[in-house]
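> Below is the sequence, then the predicted model.
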Amino acid sequence: RRLVCRTSSSNMAKNPTVAYFYDHDVGNFHYGPGHPMKPHRLTLTHNLILHYGLWEKLQIYRPYRATQEDMARFHTQDYLAFLQRVTPDNTKQFAEGVLKRFNVGDDCPVFDGIYDFCSIYTGASLESAMKLNHKQCDIAVNWSGGLHHAKKFEASGFCYVNDIVIAILELLKHHPRVLYIDIDIH
């Protein structure tokens, strides 16, 4: 699950401009013990980019944090309000039907900072699309993005906010078509 976007450009063959988005906070979130989704791996990936010197070929950005309005380009307001309110400490305050309605549980657990996590990765994907739209880069990389299983009104498959749909909607403002290829290994 990673977002890497590019536009067609005559500049691509020789010297593409690569925008790389990373927020140091993104690796601090934890889905819980035993869960296969490990945001800490994003920090490890970033460290490899630094230690191998790849950063010298990149334009590095700390991403914009998506607002509720940004995420509401695809998701419902009540679902986003739930993500803002829910914490591991207050899940018992929600009726069981609410937790089921928004599909939080084993695959998509409630964890500390869930809304902030979504805001970080969605903001990076949205900013990637904006930079591509305004020809400020040829390739945009957001290792934290690509959480494409989230549905309009519920979490799904470890994903809470579908940053891919939101980025594609942004790209469609300037491009007649967008090709998205899912390369998950499942």
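Noted; the coordinates are in hand.
> which stretches of this protein form helices?
40-51, 68-71, 77-85, 96-101, 114-133, 163-171 (DSSP state H).
> and of the ones you listed, who's closest to K57?
Closest of the helices of the chain to K57 is helix 40-51, at 9.7 Å (criterion: C-beta to C-beta). Using the backbone N, CA and C atoms, a C-beta is placed for each residue, glycine as well.
> Return the set of buried residues in the closest one.
L42, T43, H46, I49 (16 or more other C-beta atoms under 10 Å).
> Would you check that the first one makes contact with S144?
Yes: taking contacts as C-beta atoms under 8 Å, L42 lies within contact range of S144: 5.3 Å.
> residues shared between the contacts of the two?
Shared contacts of L42 and S144 (C-beta atoms under 8 Å, 6 or more residues apart in numbering): Y22, V26.
> pLDDT below threshold where in the chain?
1-13, 185-186 (pLDDT under 70).
> can you do 50?
10 (pLDDT under 50).
> ok, back up a step: would you format the helices of the chain as JSON lines with distance to Y61 included?
JSON lines is the format used below for the helices of the chain (distance: least, C-beta to C-beta, whole Å):
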{"stretch": "helix 40-51", "distance to Y61": "13"}
{"stretch": "helix 68-71", "distance to Y61": "16"}
{"stretch": "helix 77-85", "distance to Y61": "24"}
{"stretch": "helix 96-101", "distance to Y61": "35"}
{"stretch": "helix 114-133", "distance to Y61": "7"}
{"stretch": "helix 163-171", "distance to Y61": "15"}
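> so which of these is the most packed in?
Of all the helices of the chain, helix 114-133 carries the top mean neighbour count, a mean of 25, counting by mean count of other C-beta atoms under 10 Å.
> Does anything pack onto that one? Which helices or strands?
Counting contacts by 3 or more C-beta pairs under 8 Å, 6 or more residues apart in numbering; DSSP states H and E, helix 114-133 is packed against strand 3-6, strand 18-21, helix 68-71, helix 77-85, strand 139-142, helix 163-171.
> other SSEs contacting the second one?
Spelled out, it's strand 18-21. strand 59-61, helix 114-133, strand 139-142.
> Dump the helices and strands packed on helix 114-133 to JSON lines, plus distance to S125.
Compiled in JSON lines, these are given as follows (distance: least, C-beta to C-beta, whole Å):
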{"stretch": "strand 3-6", "distance to S125": "5"}
{"stretch": "strand 18-21", "distance to S125": "8"}
{"stretch": "helix 68-71", "distance to S125": "10"}
{"stretch": "helix 77-85", "distance to S125": "16"}
{"stretch": "strand 139-142", "distance to S125": "5"}
{"stretch": "helix 163-171", "distance to S125": "4"}
